[in-house]
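A.B. asks: From the sequence below, what's the structure:
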Amino acid sequence: MSSQHNPSSSDTTAFIRVVLFVIILAATVCAVVYLKRSSDMPLTPEGVAARDSLRRIAHPDTTAVPGSIPADATETRSVPSDSVTMDLRVPSDAGYEDGYYAGITDGVVGEERASYDESSQFPEAAQRRNYAEAYRRGYAQGYADGLEGKEFGMTPHSPEDEEILEEEENYEQQGTP
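C.D. replies: Purely as a prediction, here's the structure:
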């Protein structure tokens, strides 16, 4: 009889193993929950910084030893604070375009130099001078075009164009069926 295997002892052993596994698992979960709840330290970085009583912050050493920086690196340059305010056009092109726009606007309403402003934000004196000279040329051309009724280099309306425009307005007023 000793050669026979007792099925009830094997079932009992498996049952005991399952019960022990569940007890160990439950004890582990309870320990984790207990430790999480008993700790008053938040897990966020803000909480960590607030708990730091010393509040030490690392400051990099940015001092330079005299003579270690090349001479041309110490020159200060005028650089705009951001690229939004920086005009990337060639100064003469920018001056002509800005002058033409201001001139045609003033020419259409018939008020000379109402919006005339040849100042610029270019950093170098030569660039500002080129901008101002081109602005004057652009303004003169734009003002003349505005007085003649040309808008941005377009020819003024001809009598035939006026008839077509009147027909279109009449059609719009009648409405579409």
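A.B. asks: The spatially closest residue to residue 137 that is not a sequence neighbour: neighbouring residues, count only.
C.D. replies: In this structure, residue 137 finds its nearest non-sequential neighbour in residue 96, 6.1 Å apart by C-beta to C-beta, 6 or more residues apart in numbering. (C-beta placed from N, C-alpha, C; glycine too.) Number of residues near residue 96 (other C-beta atoms under 10 Å) recorded here: 22.
A.B. asks: Distance of residue 96 relative to residue 113?
C.D. replies: 17 Å (C-beta to C-beta, to the nearest Å).
A.B. asks: hang on, the earlier thing: surely the residue nearest to residue 137 touches residue 136?
C.D. replies: No: the pair residue 96 / residue 136 is not scored as a contact, 9.3 Å apart, by C-beta atoms under 8 Å.
A.B. asks: who touches residue 146 in this structure?
C.D. replies: Going by C-beta atoms under 8 Å, 6 or more residues apart in numbering, residue 146 touches 103, 104, 105, 106, 107, 108, 109.
A.B. asks: can we see that at 7 Å?
C.D. replies: For residue 146, the contacting residues are 103, 104, 105, 106, 107, 108, by C-beta atoms under 7 Å, 6 or more residues apart in numbering.
A.B. asks: which helices and strands sit right next to the strand or helix carrying the second one?
C.D. replies: Secondary structure assignment for residue 104, by DSSP states H and E: helix 91-109. Judged by 3 or more C-beta pairs under 7 Å, 6 or more residues apart in numbering; DSSP states H and E, the packing partners of helix 91-109 are helix 125-148.
A.B. asks: What's the mean pLDDT across the helix it packs on?
C.D. replies: On average, the pLDDT along helix 125-148 is 88.
A.B. asks: give me the element residue 9 is part of.
C.D. replies: Using DSSP H and E, residue 9 sits in helix 7-38.
A.B. asks: Likewise for residue 88?
C.D. replies: Per DSSP H and E, there is no helix or strand for residue 88.
A.B. asks: how deep is it tucked in, by neighbour count?
C.D. replies: Burial measure for residue 88: 6 neighbouring residues, criterion other C-beta under 10 Å.
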